[in-house]
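Undergrad: Only the shape, not the letters, is given here:
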Ligand code: GLC
Ligand code: CA
């Protein structure tokens, strides 16, 4: 089973700008994180993934880096960082950095030089092309609306940006760029960080010659993800990064790789590939979208059979060959309880059920800040309350195309990244205890009810349920390494699976909706004793396992010893 510490860990993701503000300027910061480490230690998580904290003009909240070896001034100083790392290590926790290697900020000195003239030595650090027929070099659409090309008047050429125009893509065909990036990664490793989440890593290589994508609709730009996702050379570049830098440290790596299924993911994480430990896959994140990528805004209902199919495929294909990263939420996604649970009438049981689902799968579970207290989506009435660059660009583009305001706002309420970015709700005081000042993004008004302080006090809270799930992972190897098997593949309401390791078997029963379906436990399971490890409801008196009536969003995990 090839044991590794990062397989046994539970990761907690922090979005620093929204986690905790220590000095009242409305912006979360490193000292704020330090002040909450005891809370995280109590929860039991052991790896903290911190979203980018590097120097940045913040057009995309730090995913636009202007100096890789400095700290964003709003977040603190390098001394604060060193203290953060020390304080984590003192508590037995590890720090995973979030590193953006696909692009920098347009304020990065490399880009400032690069754009200054065509013969600047740093010109080739980025991707510059002449226009075509009075327009951009090709028809590719950026992730954040509009063309991937921006005309720079200084030299009358276009530069490429897969994200916003403030995030020019680095040119990974230039060996000097690669050397500089390797050097920088090494610099952080020498400081003692314990791993990296590599942002947008699937996109560092683009199709040769930048060909136009098919455009049957004749639109100005088209979604052309195949032209810049998971191309063969990405693997060569990652293997070099691994062999020359990462290999020498005992770290954990996870890549953000949209647009692939488990077979292709094995190219990144397969044992012996010498690339990454895990990747974030996106298939289940598009279950409620009309199409992938920017199609995310066209919301469609998701269904459980598709979720089962996708997750089962990942579980089965990666077993013994790679490793999964399991998540339902992060800083780019709506809140999991609002999306896959029921935040109106069953917020607490459905959040616990979803947590059970993720933590009982094979793979490393990821918790996104606030998920452990069941934080929900927000619905600000006015676009003026939104801050996310993707959301704002989407709004403007749709307004320009004459789409009615209500329709745009409805999509934003469901899918805006700001749903996950509202400040962490610590207690029921002013601004949820996040800041003493004016928060950079409004706090969700439900903080009186949903907050960490009351969750910590209430033994039945989502928080305590997470704590128990994490503790169970430390006690039972089968939770980490057991082989997954799906039962009831055709059931549209109940998701049941087992995990088996040697003579132990877990039985995970999840009612994904509010109806109360009957689950008939298979005879061979009832024949030997079942130990209930965790559940979000008290078992009912005198219940009959051969005919179990599940309550709304009920989750149960049984452990059974096989002979
Ligand atoms: C990733 C990040 C997202 C960011 C984008 C550009 O998708 O998770 O937050 O906007 O990359 O760096
Ligand atoms: Ca602050």
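TA: Cool, got the structure. Owing to the predicted nature of the structure, the values given are computational and were not obtained by experimental measurement. Ligands and ions are numbered 1, 2, ... in the order given.
Undergrad: ok, and what's touching the helix or strand containing residue 185?
TA: Residue 185 is part of helix 175-191 when elements are defined by DSSP states H and E. Residues from elsewhere that reach helix 175-191, judged by CB atoms under 8 Å, 6 or more residues apart in numbering: 68-69, 82, 85, 97, 99, 101, 124-125, 170-172, 196, 237, 240-241, 244-246, 248-249, 251. Where C-beta positions appear, they are placed from N, C-alpha and C, glycine not excepted.
Undergrad: Now it: buried residues?
TA: 177, 178, 181, 182, 184, 185, 188, 189 (16 or more other CB atoms under 10 Å).
Undergrad: which one among the residues you listed gets closest to residue 19?
TA: Ranked by distance to residue 19 (CB to CB), those are led by residue 188 at 20.3 Å.
Undergrad: ok, so what distance separates that closest one from residue 91?
TA: Distance from residue 188 to residue 91, counting by CB to CB, to the nearest Å: 20 Å.
Undergrad: now the residue in the stretch 301-450 of the chain that ligand 2 sits nearest to: how far from residue 396?
TA: The stretch 301-450 of the chain approaches ligand 2 most closely through residue 435 (7.3 Å), counting by CB to the ion. Distance of residue 435 to residue 396, computed by CB to CB: 29 Å.
Undergrad: So for these two, which sits in the more crowded spot?
TA: Shown here are residue 435 and residue 396; by other CB atoms under 10 Å, residue 435 has more neighbours (23 against 14).
Undergrad: mind checking the SS state of that one?
TA: Assigned with DSSP: H, G, I helix; E, B strand; the rest coil, residue 435 falls in the coil class.
Undergrad: residue contacts, it?
TA: 21, 24, 25, 26, 27, 423.
Undergrad: What helix or strand is the first one located in?
TA: Taking DSSP H and E as the definition, residue 21 sits outside all helices and strands.
Undergrad: Could you number the chain from 58 rather than 1 from now on?
TA: Got it, first residue is 58 now, which makes that one residue 78.
Undergrad: ok, it touching residue 494?
TA: Yes: Residue 78 is in contact with residue 494 according to CB atoms under 8 Å; the separation is 7.1 Å.
Undergrad: out of the two, which sits in the more crowded spot?
TA: Using other CB under 10 Å, the more surrounded residue of residue 78 and residue 494 is residue 78, with 27 against 14.
Undergrad: quick one: that one from residue 504, how far?
TA: When residue 78 is compared with residue 504 (using CB to CB), they lie 14 Å apart.
Undergrad: Residue 277 - that's part of a helix, no?
TA: No: using three-state DSSP, the assignment for residue 277 is coil, not a helix.
Undergrad: does the residue lying closest to residue 539 once chain neighbours are set aside sit in a helix, a strand or a coil?
TA: Among residues not flanking residue 539 along the chain, residue 556 sits closest, at 3.2 Å (CB to CB, 6 or more residues apart in numbering). Here residue 556 is strand, with the state taken from three-state DSSP.
Undergrad: One more: residue 588?
TA: Recorded secondary structure, residue 588: strand (three-state DSSP).
Undergrad: element containing the closest residue to it other than its chain neighbours, please.
TA: What sits nearest to residue 588 in space, not counting adjacent residues and going by CB to CB, 6+ apart, is residue 616, at 4.6 Å. Following DSSP H and E, one finds residue 616 within strand 612-618.
Undergrad: mean confidence score for that strand?
TA: Mean per-residue pLDDT for strand 612-618: 97.
Undergrad: ditto for stretch 160-176
TA: Across stretch 160-176, the average pLDDT comes to 98.
Undergrad: again with stretch 392-411
TA: Stretch 392-411 comes out at a mean pLDDT of 98.
Undergrad: Show me what that stretch is in contact with.
TA: Where contact means CB under 8 Å, 6+ apart, the residues beyond stretch 392-411 that reach it are 345, 359, 364, 385-386, 390, 425, 427-428, 431-434, 471, 476-477, 507, 517-519, 522, 567-569, 571, 593-594, 608-612.
Undergrad: Same question for stretch 319-326.
TA: By CB under 8 Å, 6+ apart, stretch 319-326 touches 287, 292, 295, 312, 314, 330, 332-336, 338, 370-371, 373-375, 378-380.
Undergrad: Take these and keep only those in strands.
TA: For the contacts of stretch 319-326, the ones inside strands are 312, 335, 336, with DSSP state E as the criterion.
Undergrad: burial measure for the first one, as a count.
TA: Residue 312 is surrounded by 23 other residues when neighbours are defined as other CB under 10 Å.
Undergrad: mind checking how far it is from residue 257?
TA: 9 Å.
Undergrad: One more: residue 276?
TA: 24 Å.
Undergrad: Pick out whichever of the two has more residues nearby.
TA: Higher neighbour count among residue 276 and residue 257: residue 257, with 22 against 10, using other CB under 10 Å.
Undergrad: Tell me who's in contact with the more buried one.
TA: Per CB under 8 Å, 6+ apart, neighbours of residue 257: 157, 158, 159, 160, 219, 220, 313.
Undergrad: same check, this time on residue 455
TA: 464, 465.
Undergrad: what about it, which helix or strand?
TA: Counting by DSSP H and E, the element that carries residue 455 is helix 446-457.
Undergrad: okay, and the helix or strand of this protein with the least pLDDT?
TA: Ranking every helix and strand in the chain by mean pLDDT, DSSP states H and E puts helix 580-583 at the bottom, with a mean of 87.
Undergrad: related to what we said a few turns ago, from the contacts of residue 257, which is closest to ligand 1?
TA: residue 220 (4.3 Å; CB to the nearest ligand atom).
Undergrad: Can you read off the pLDDT for that closest one?
TA: The predicted structure lists residue 220 with a pLDDT of 97.
Undergrad: So it is in contact with residue 199, correct?
TA: Yes: counting by CB under 8 Å, residue 220 does reach residue 199; the two are 6.4 Å apart.
Undergrad: what's next to stretch 362-380, contact-wise?
TA: Residues from elsewhere that reach stretch 362-380 (CB under 8 Å, 6+ apart): 58, 61, 64, 318-320, 322-323, 325-328, 334-335, 338, 340-341, 344, 381, 397, 418-421, 540-541, 543, 546-547, 549, 552, 554.
Undergrad: Please flag which of those residues sit within strands.
TA: The strands, defined by DSSP E, take in 335, 421, 540, 541, 543, 552, 554 from these.
Undergrad: Now do the same contact list for the fourth one.
TA: Under the criterion of CB under 8 Å, 6+ apart, the contact list for residue 541 reads 369, 372, 373, 376, 418, 419, 554, 555, 556.
Undergrad: which residue packs closest to it, ignoring adjacent ones?
TA: Among residues not flanking residue 541 along the chain, residue 372 sits closest, at 4.0 Å (CB to CB, 6+ apart).
Undergrad: That neighbour: neighbour count?
TA: The tally of other residues near residue 372 (other CB under 10 Å) stands at 21.
Undergrad: picking that back up, how about TSV for the contacts of residue 492, with distance to ligand 1 added?
TA: Below are the contacts of residue 492 laid out as TSV (distance: CB to the nearest ligand atom, whole Å):
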residue	distance to ligand 1
78	20
81	26
82	22
83	20
84	17
480	17
